[in-house]
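Asks: Give the three-dimensional model of this entry:
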Amino acid sequence: MDIHKPKPVHSWREFLSEILVIVVGITIALSGEQTVEWLHWEHEVAEARAALRDEIAHNLQNLNFIIAEEPCIDRRLAEAGHALGVPGTPPLRRPMGQPQYPTMSTAAWDGARASGVLSHMPPEEALNYRAIYTELDWTRARVDEQRTDWATLSALDLGAPISPMLQAELLPTLAHTRVVANKFAQNHPLVPGGDSVRTGLMGRHAADVGVHTPLDPNLKLSPATMASLRVFCEAP
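Replies: Sure, this is the predicted structure:
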């Protein structure tokens, strides 16, 4: 194998020329790597943005469904309060039932945070996503509280007269359920005949990141869920 030895440098001009060639080569190599990295993150940001928007739109649809149950919740809590007001009151004339809470996901958000993609988004866009999912965390926590409370209040479905023991057990739960329901309604007020979520914090930030998908009036829920909802929301 022939090895070409470096040419001897005979002048400062030749020396500077060699240095210039090296510097240019290094600069081209570095800029090429930076371009590849930039293209990589542009692709990652585009994928994360699409996933986040889809997830947010789905969550807003589910939240709008939950908000629409607020009048049913108020009516059922009033019935429970009446039944628990005096020991010996006859049992409820119909099943108490429970609100239905479609699941709201954070998978896309969790993935975006874990991948570091948020740091490559425009700062204002990343802040909007953080605000949306901070509000979503609060909302899911209140939903979990309500699920627990309504599971306890389901003791009213046993069909027995309200005993002093049952009254003592359920009155604190009823009070807590009312407080949580009021907090939820204050944060996510019902807008009759409209898309309630668009007026809340999540909806406003969602619009800022380009989520304008019309809410699906035919939200796909299981037949069992729809049957439970009809029981819960039927008028006395």
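
Asks: Do you know the pLDDT at the most centrally placed residue in the chain?
Replies: Against the mean C-alpha coordinate of the chain, by CA atoms, centre = their mean, the closest residue is Leu136 at 4.1 Å. With respect to pLDDT, Leu136 has a value of 95.

Asks: quick one, what contacts it?
Replies: The contact partners of Leu136, taken as CB atoms under 8 Å, 6 or more residues apart in numbering, are 59, 104, 106, 202. Glycine gets a C-beta too; all of them are placed from N, C-alpha and C.

Asks: try 10 Å this time
Replies: The contact partners of Leu136, by CB atoms under 10 Å, 6 or more residues apart in numbering, come to 55-56, 59-60, 63, 104-106, 109, 201-202.

Asks: before we move on, what SS does it have?
Replies: helix (DSSP: H, G, I helix; E, B strand; the rest coil).

Asks: From Pro164, how far out is it?
Replies: 41 Å (CB to CB, to the nearest Å).

Asks: Low-confidence ranges, this structure, go.
Replies: Applying pLDDT under 70 to the chain flags the ranges 1-41, 86-92, 194, 213-219, 235-236.

Asks: Show me where it has its helices.
Replies: Counting by DSSP state H, the chain has helices at residues 12-67, 70-84, 107-115, 123-153, 164-187, 201-208, 223-233.

Asks: Adding distance to Pro95, write the ones you listed out as a markdown table.
Replies: Below are these laid out as a markdown table (distance: least, CB to CB, whole Å):
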| stretch | distance to Pro95 |
| --- | --- |
| helix 12-67 | 20 |
| helix 70-84 | 10 |
| helix 107-115 | 34 |
| helix 123-153 | 11 |
| helix 164-187 | 16 |
| helix 201-208 | 32 |
| helix 223-233 | 6 |
